[in-house]
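Asks: The amino acid sequence is not available; the structure is as follows:
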């Protein structure tokens, strides 16, 4: 059951102590008056030792052992994406809520199983989409929702980042179809999320991909997009930018507005022009921020929502069903690239 927790801290345990885990540790530290980390788990002993040293909580090398020996409310999954479905369903069966990093799964059917398992267990499935909470994108979302662009004519997204061969060689699961997905599914996942979250349901996808590094999946790709309302758009992604991360951006061109949010990770509002004026336009300059990380600063804000949901004071910003929307787009893109044809949504079997 979706029990409301009012009289104590929300308890979390984390599985997968890799590079993104530190963002979750930091977010929980920010909310230490409301939340606490009670355990960590990783089958890589070095990663586990580092996490235990950093957090001061017990460490486990096996997820089932951890689940059977801790008292907690929510399990955080920062493991390889292909492991999320099985691990999430195990957590639900043992009575825990789940926070999972993106993407929620590498197969659409597995994502749907996760949602059904959460429903059956009466538990929350939170899918992390922290970029939605960046100040720059919150302003853009508001402008779109208020229809300040009028008719949107064109949308374009760029993700020009760097992931050298050494990055993929860190672990055998990186760059594999089974556990990771390629540049679209992994690194650019949050930008794929913007396609539906900002503009609306997609009608058609055309994609082409290529691989320049020694990995299974794509490290470079392009999308053509047609939304149901007739808007056209495109997306260009590569992990082969030299010598470092260059740009993560979205540009929206409408009959009454033009906006470009760029920088390394949609952290700078570079163009903001509308036919009308609104009081929040004055916040455009202060919304931009410096960043050395493509992850942004949204994890603490995301955890604020998770805590509020567990207190019975809010609805999830991105639950499993919301997570399925971008996963469906990703699978459609891969089908299009594989079969060299236009894929229409929703996907049918």
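Replies: Noted; the coordinates are in hand. All values reported here derive from a predicted model rather than from experimental measurement.

Asks: Which neighbouring elements make contact with the lowest-mean-pLDDT helix or strand in the chain?
Replies: In the chain, no helix or strand scores lower on mean pLDDT, DSSP states H and E than helix 284-287, which sits at a mean of 93. Using 3 or more Cβ pairs under 8 Å, 6 or more residues apart in numbering; DSSP states H and E as the contact criterion, the elements in contact with helix 284-287 are helix 135-145, strand 268-274. For the C-beta atoms, the positions are set from N, CA and C on the backbone; glycine is no exception.

Asks: 10 Å instead, please
Replies: Counting by 3 or more Cβ pairs under 10 Å, 6 or more residues apart in numbering; DSSP states H and E, the packing neighbours recorded for helix 284-287 are helix 135-145, strand 257-262, strand 268-274.

Asks: For the second one, what is the distance to the chain centroid?
Replies: Think strand 257-262. Offset of strand 257-262 from its chain centre (Cα atoms, centre = their mean, to the nearest Å): 22 Å.

Asks: cool, the longest one as well?
Replies: Using Cα atoms, centre = their mean, we find the averaged C-alpha position of helix 135-145 to lie 17 Å away from the chain's own average C-alpha position.

Asks: Show me which positions of that helix end up buried.
Replies: Buried residues in helix 135-145, counted by 16 or more other Cβ atoms under 10 Å: 135, 136, 137, 138, 139, 140, 143, 144.

Asks: Give me the pLDDT value at the third one.
Replies: Pointing back at residue 137 there. What the model reports as pLDDT for residue 137 is 97.

Asks: Could you figure out how far the helix or strand just after the least confident helix or strand of the chain is turned away from helix 135-145?
Replies: Following helix 284-287 in sequence order, the next helix or strand is helix 299-310 (DSSP states H and E). With axes from the mean of the first three to the mean of the last three Cα atoms, to 10 degrees applied, the angle from helix 299-310 to helix 135-145 works out at 60 degrees.

Asks: what packs against helix 299-310?
Replies: Contact analysis of helix 299-310 by 3+ Cβ pairs under 10 Å, 6+ apart lists strand 10-15, helix 21-30, strand 35-41, strand 74-77, strand 97-100, strand 125-127 as its packing neighbours.

Asks: could you point out which element follows it?
Replies: Past helix 299-310, heading to the C-terminal end, the next element that is a helix or strand (DSSP H and E) is helix 320-339.

Asks: Tell me the helices and strands packed up against that following helix.
Replies: Packed against helix 320-339, as judged by 3+ Cβ pairs under 10 Å, 6+ apart, are the following elements: strand 97-100, helix 108-121, strand 125-127, helix 189-194, strand 202-210, strand 220-227, strand 232-238, strand 343-344.

Asks: so of the ones you listed, which one's packed in deepest?
Replies: strand 125-127 (a mean of 28; mean count of other Cβ atoms under 10 Å).

Asks: List just the nearest of the buried residues of helix 135-145 to residue 220.
Replies: Comparing these against residue 220 with Cβ to Cβ places residue 137 closest, at 24.5 Å.

Asks: thought that closest one was touching residue 194?
Replies: Yes. Residue 137 is in contact with residue 194 according to Cβ atoms under 10 Å; the separation is 7.4 Å.

Asks: what is in contact with those two at once?
Replies: Both residue 137 and residue 194 are contacted by 131, 250, 261, 266, under the criterion Cβ atoms under 10 Å, 6 or more residues apart in numbering.

Asks: Which helix or which strand is home to residue 348?
Replies: With elements delineated by DSSP H and E, residue 348 resides in a region that no helix or strand encompasses.

Asks: pLDDT score for it?
Replies: Per-residue pLDDT puts residue 348 at 71.
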